[in-house]
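1. Sequence first, then the predicted structure, then my questions.
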Amino acid sequence: MSTPHPQTHPREFLLHLYQAAVRRALPLHNTAAYLPSPPSRESGGRTLVLGAGKAGGAMAQAVEAHWPQEAPLSGLVVTRYGHTPPRPTGLRERIEVVEASHPVPDEAGLAAAKRILSITKGLTKDDLVLCLISGGGSALLTLPVDGLAFSEKQRINQELLNSGANIIEMNCVRKHLSQIKGGWLAAACAPARVVTLTISDVPGDDVSVIASGPTVPDGTTCADALAILKRYGIALPAAIQADLQSGKLETPKPGDPRFSGHEVHLIATPQQSLEAAAAAAREAGIEAHIVSDEIEGESREVGKVHAALARGVARGIGAFKKPCVILSGGETTVTVRKQPVGSPRGRGGRAGEFCMGLALGLQGMAGIHGLAADTDGIDGVEANAGAYVAPDTLARSTALAMKLDQYMDRNDAVGFFEPLNDLVITGPTHTNVNDFRALLIL
C-alpha cells in the first residue's frame with residue numbers, strides 16, 4: 001500500500017505515521033529476542049506465565065508463538081475488555097487470557113488478581129515465572145489491601161483519574177493500596193526465577209511505574225502516597241489512613257532478597273515508536289523532528305504549546321524548517337471539571353483534549369494539520385483513539401454553531417470532533433506505548 005501524499009492527503013498521512021508507531025510496538029515483533037530458556041527437563045521446573053495490561057492478550061499470543069512447542073507452558077493474563085486479539089490459525093492456546101475493566105477496576109479484575117496470586121503458591125527455585133506487563137495493568141490487576149473495601153478502591157481510583165494527577169502520582173497511591181502491585185507479585189513468586197517482559201507506557205520508561213510495578217521493587221513510600229492524596233483532596237477510610245501513616249502498607253524496596261536474580265526487559269517503548277513514525281515521514285520526503293517522548297502536563301495546555309511551536313515553524317521561526325512533521329509522546333492529564341446538575345456529560349480523553357487545545361491555539365492557521373491518538377486505540381473510555389485537527393476545524397465548527405470553549409468547559413472532545421467527522425477510530429491496537437502526537441507543517 002502506497003504512502004498517502006502529505007500535501008494532498010494530510011489526514012491520511014498523519015494516520016499512516018500513527019500506524020507506523022503502533023506497528024513498532026506490537027508484541028509479536030518484539031518478544032522472541034527476550035524470551036528466556038525453559039527450565040531443564042532434569043530440574044522438573046515449570047514455566048508459569050502471569051501478566052496484566054492492555055497488551056496482555058497480544059503478549060501472551062507472542063509468547064505462545066515463540067515458545068518451544070515441546071516445552072510445558074501455562075498461566076493467566078488479564079487484559080481490557082475487547083483487547084484480546086483474534087487467535088492466529090494454528091496457534092495453540094496455552095495461556096489463559098481473561099478480560100476486565102479499565103480504567104476503573106471491576107469484579108472481573110479483582111477475581112483475576114486473586115487467581116494470579118493463588119497460582120504462585122508452591123513455586124520452587126527450579127520454576128520460571130514469565131511476567132507480561134503493559135500499561136493498564138494498574139486497573140486490571142486490582143487487589144485492595146486488607147481493610148479497604150473494593151468499592152472504596154474504585155472510588156479512589158476514579159477520583160485520581162479526575163484529579164489531574166500524573167501517572168507517577170497515581171501509581172504511587174495504587175501500589176500502597178494493593179496486595180499485588182508495587183513488587184508484591186514478584187515477592188509472592190519467590191523462590192522462583194522471575195523474568196518480566198514489559199511494554200512502556202510511562203514517561204522515562206520507569207519499570208516501577210508501568211502497571212504500578214507488580215514485579216519490581218518500589219522506591220516510593222507510604223508518606224509519598226499520603227502526600228499525593230492530600231494534594232488532590234482525596235479522602236481515605238480512617239483505618240487505611242492510619243495504616244499508611246504507620247508504614248504498615250509499605251511496599252518491598254530495592255535490595256529485598258526476594259528480587260535476587262530477577263530480570264526485566266523493555267520490549268517496546270514510546271521513543272522507539274516515535275522513531276518509527278519519523279522514519280515513515282522521511283520515507284515520504286518529509287523531515288521529522290521528535291520533540292520528546294516524556295511530555296506531561298494538562299492536555300489542553302500541552303496542545304496550546306504544540307500550536308505555538310507549529311505556528312513558529314510556519315512563520316519561519318526556530319530551528320525546524322517547513323515542510324516537516326513534529327512528533328511527541330508521553331502521558332498528559334485531564335482535570336475533569338465539575339458540571340452543574342443536569343448538564344450534558346463530557347466525553348473524551350487525553351488525546352481529544354489535546355486536540356481541542358491545539359485547535360484553539362492554531363486559530364485556523366493555514367498549512368498546519370495535527371493528529372493525536374492513544375496508541376492502544378482507545379482515548380479514555382470512548383470508542384475513538386483520538387482526533388484530527390485541520391486548518392478549517394474552527395471554521396467548520398462555527399458553521400455548525402459549535403463554540404469550542406463550551407466543549408472545553410465540559411471536557412467534551414468527542415462531542416466537538418464527532419460532528420466534524422474528525423474522530424480517529426482504529427479499534428484496539430493490542431499494544432500501548434502511550435500518547436502519540438504528530439503535527440504536519442506544510
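-> Nice, thanks for sending it over.
2. Break down the chain into its strands, ranges please.
-> In the chain, the segments counted as strands under DSSP state E are 47-52, 74-80, 96-100, 128-134, 193-199, 263-268, 287-295, 324-330, 368-374, 386-389, 423-424, 435-441.
3. Return the distance of the fifth one from the chain's centre.
-> Same thing as strand 193-199. Averaging C-alpha positions (CA atoms, centre = their mean, to the nearest Å) puts strand 193-199 17 Å from its chain's average.
4. and for it, what are the contacting residues?
-> With contact meaning CB atoms under 8 Å, 6 or more residues apart in numbering, strand 193-199 is reached by 25, 27, 30-31, 34-36, 53, 55, 59, 125, 127-135, 186, 207, 210-211, 215-216, 259, 261-269, 431-433. To be clear about C-beta, it is placed using only N, CA and C from the backbone, and glycine gets the same treatment.
5. and with 7 Å instead?
-> Contacts to strand 193-199, defined as CB atoms under 7 Å, 6 or more residues apart in numbering, come from residues 25, 31, 34, 36, 55, 59, 128-135, 186, 207, 210, 215, 261-268, 431-433.
6. What angle do strand 47-52 and it make with each other?
-> 40 degrees (axes from the mean of the first three to the mean of the last three CA atoms, to 10 degrees).
7. what are the pairing partners of strand 193-199, and which direction each?
-> strand 128-134 (parallel), strand 263-268 (parallel) (DSSP bridges).
8. Save the strands of the chain as CSV, and put in mean pLDDT and mean neighbour count too.
-> Shown next, in CSV, are the strands of the chain (pLDDT from 0 to 100; neighbours: other CB atoms under 10 Å):
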stretch, mean pLDDT, mean neighbour count
strand 47-52, 98, 28
strand 74-80, 98, 24
strand 96-100, 98, 19
strand 128-134, 98, 27
strand 193-199, 98, 26
strand 263-268, 98, 19
strand 287-295, 97, 18
strand 324-330, 97, 23
strand 368-374, 98, 28
strand 386-389, 98, 30
strand 423-424, 98, 24
strand 435-441, 98, 27
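9. could you dump those to TSV with distance to Ala359?
-> Shown next, in TSV, are these (distance: least, CB to CB, whole Å):
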stretch	distance to Ala359
strand 47-52	36
strand 74-80	29
strand 96-100	35
strand 128-134	31
strand 193-199	31
strand 263-268	30
strand 287-295	18
strand 324-330	16
strand 368-374	8
strand 386-389	5
strand 423-424	13
strand 435-441	12
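10. Nearest to Val173 among these would be which one?
-> Comparing these against Val173 with CB to CB, the closest turns out to be strand 47-52 (17.6 Å).
11. Taking strand 96-100 as reference, get the angle to the closest one.
-> 10 degrees.
12. Against which helices or strands is strand 47-52 packed?
-> Where contact means 3 or more CB pairs under 7 Å, 6 or more residues apart in numbering; DSSP states H and E, strand 47-52 is packed against helix 56-66, strand 74-80, strand 128-134.
13. So for Pro191, which of those sits nearest?
-> Closest approach to Pro191 among these (CB to CB): strand 128-134, 10.7 Å.
14. can I have that closest one written out in PDB, keeping just the CAs?
-> This file holds the C-alpha atoms of strand 128-134, laid out as PDB (Å, rounded to 0.1, in the frame of the first residue of the first chain):
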ATOM      1  CA  LEU A 128      10.400 -19.900  35.900                       C
ATOM      2  CA  VAL A 129       7.700 -17.200  36.100                       C
ATOM      3  CA  LEU A 130       7.400 -15.100  32.900                       C
ATOM      4  CA  CYS A 131       5.500 -11.900  33.700                       C
ATOM      5  CA  LEU A 132       4.000  -9.900  30.800                       C
ATOM      6  CA  ILE A 133       3.300  -6.300  31.900                       C
ATOM      7  CA  SER A 134       1.900  -3.400  30.000                       C
END
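15. any chance of the helices and strands packed on strand 47-52 in JSON lines, plus distance to Pro340?
-> What follows is the helices and strands packed on strand 47-52, written out as JSON lines (distance: least, CB to CB, whole Å):
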{"stretch": "helix 56-66", "distance to Pro340": "40"}
{"stretch": "strand 74-80", "distance to Pro340": "32"}
{"stretch": "strand 128-134", "distance to Pro340": "38"}
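16. Please identify which of these is closest to Arg396.
-> Nearest of these to Arg396, taken as CB to CB: strand 74-80 at 33.0 Å.
17. Report all helices and strands that the closest one contacts.
-> Counting by 3+ CB pairs under 7 Å, 6+ apart, the packing neighbours recorded for strand 74-80 are strand 47-52, helix 56-66, strand 96-100, helix 107-118, helix 137-140.
18. Residues contacting the shortest one, please?
-> In this structure, residues lying in contact with helix 137-140 by CB under 7 Å, 6+ apart are 52-53, 78-80, 100-105, 109, 157, 171, 174, 181, 211-212, 214.
19. switch to 6 Å and redo it
-> Ala52, Gly53, Val78, Ala100, His102, Pro103, Pro105, Gly109, Asn171, Arg174, Ala211, Ser212 (CB atoms under 6 Å, 6 or more residues apart in numbering).
20. Output the below-cut-off pLDDT ranges for the protein.
-> Applying pLDDT under 70 to the chain flags residues 1.
21. looking at the helices and strands packed on strand 74-80, which is buried most?
-> helix 137-140 (a mean of 31; mean count of other CB atoms under 10 Å).
22. mind saving the C-alpha coords of stretch 46-63 as PDB?
-> Taking C-alpha atoms only, stretch 46-63 is exported to PDB below (Å, rounded to 0.1, in the frame of the first residue of the first chain):
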ATOM      1  CA  ARG A  46       7.700 -25.500  35.100                       C
ATOM      2  CA  THR A  47       7.100 -22.200  33.300                       C
ATOM      3  CA  LEU A  48       4.200 -20.100  34.500                       C
ATOM      4  CA  VAL A  49       3.100 -17.000  32.600                       C
ATOM      5  CA  LEU A  50       1.400 -14.200  34.500                       C
ATOM      6  CA  GLY A  51       0.500 -10.700  33.400                       C
ATOM      7  CA  ALA A  52      -1.700  -7.700  33.100                       C
ATOM      8  CA  GLY A  53      -2.200  -4.800  30.700                       C
ATOM      9  CA  LYS A  54      -3.900  -3.600  27.500                       C
ATOM     10  CA  ALA A  55      -1.300  -5.500  25.500                       C
ATOM     11  CA  GLY A  56      -1.700  -8.700  27.700                       C
ATOM     12  CA  GLY A  57      -3.600 -10.800  25.200                       C
ATOM     13  CA  ALA A  58      -1.200 -10.000  22.300                       C
ATOM     14  CA  MET A  59       1.800 -10.500  24.600                       C
ATOM     15  CA  ALA A  60       0.500 -13.900  25.600                       C
ATOM     16  CA  GLN A  61       0.000 -14.900  22.000                       C
ATOM     17  CA  ALA A  62       3.500 -13.800  21.100                       C
ATOM     18  CA  VAL A  63       4.900 -16.000  23.900                       C
END
